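Peer 1: the sequence isn't on hand, but the structure is:
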């Protein structure tokens, strides 16, 4: 599902899901293909049995709207922010991204998402093109010009599923 409006966000929020479910962060240099987050979420909703159809791709415009609206921020247990960090600033959006990433079943994109999830272990990180920070912490780095745009979502989604299965096996040992 591509979250483009607040009702989609509310549906994702109320759907809940497993506490601390994994999430995915996409980074692209110079840019990500438009709609990739939604395509990855759609692929996972079809093939990730543990996800229960809750995967959602968030667009940056919605993140700005969530950040700027006190009622939406309160759903995520985020306050008003501070004078030096207004809710719709980069810092404020980073806080929203961190909460979404912690909640899981979210496909987030961009450098702010990379920064917001840097200390989270339940995030599968993907870079299309050179990864920031010398690729440290990235699970998958692809050269997008070597793949068709249509195949990227399934490559990312299937690799995520392998990563998630390996994590589950490691936890059960």
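Peer 2: Arrived safely, thanks for sending. All values reported here derive from a predicted model rather than from experimental measurement.
Peer 1: and the closest residue to residue 123 other than its chain neighbours, what is it in contact with?
Peer 2: Excluding its sequence neighbours, the residue lying closest to residue 123 (CB to CB, 6 or more residues apart in numbering) is residue 117, at 4.4 Å. Backbone N, C-alpha and C define where each C-beta goes, glycine included. Contacts for residue 117 (CB atoms under 8 Å, 6 or more residues apart in numbering) come out as 23, 25, 97, 98, 101, 108, 123, 125.
Peer 1: separation between the first one and residue 130?
Peer 2: According to CB to CB, to the nearest Å, residue 23 stands 22 Å off from residue 130.
Peer 1: comparing these two, which residue is more hemmed in?
Peer 2: Remark: of residue 23 and residue 130, residue 23 carries more neighbours, 25 against 13, as counted by other CB atoms under 10 Å.
Peer 1: these two touch, right, the more buried one and residue 101?
Peer 2: Yes: taking contacts as CB atoms under 8 Å, residue 23 lies within contact range of residue 101: 4.7 Å.
Peer 1: any residues in contact with both of the two?
Peer 2: 108, 117, 120, 122, 123.
Peer 1: how about the helices in this structure?
Peer 2: Counting by DSSP state H, the chain has helices at residues 6-15, 36-47, 60-68, 70-75, 90-103, 111-116, 149-172.
Peer 1: for residue 141, find the nearest of those.
Peer 2: Proximity to residue 141 (CB to CB) singles out helix 149-172 among the helices of the chain, at 10.9 Å.
Peer 1: pull the residues that contact the closest one.
Peer 2: If you take CB under 8 Å, 6+ apart as the criterion, helix 149-172 is touched by 22, 24, 26, 33, 36, 39-40, 42-44, 47-48, 50, 124, 126, 128, 139-140, 142, 144, 147.
Peer 1: next one: stretch 90-102
Peer 2: Contacts of stretch 90-102 (CB under 8 Å, 6+ apart): 20, 23, 25, 58, 63-64, 66-67, 73, 76-78, 81, 85-86, 106, 108, 112-113, 115-117, 120, 122-123.
Peer 1: try stretch 29-42
Peer 2: With contact meaning CB under 8 Å, 6+ apart, stretch 29-42 is reached by 1-2, 24, 26, 28, 55-59, 107-110, 127-132, 144, 149, 152-153, 156-157, 160.
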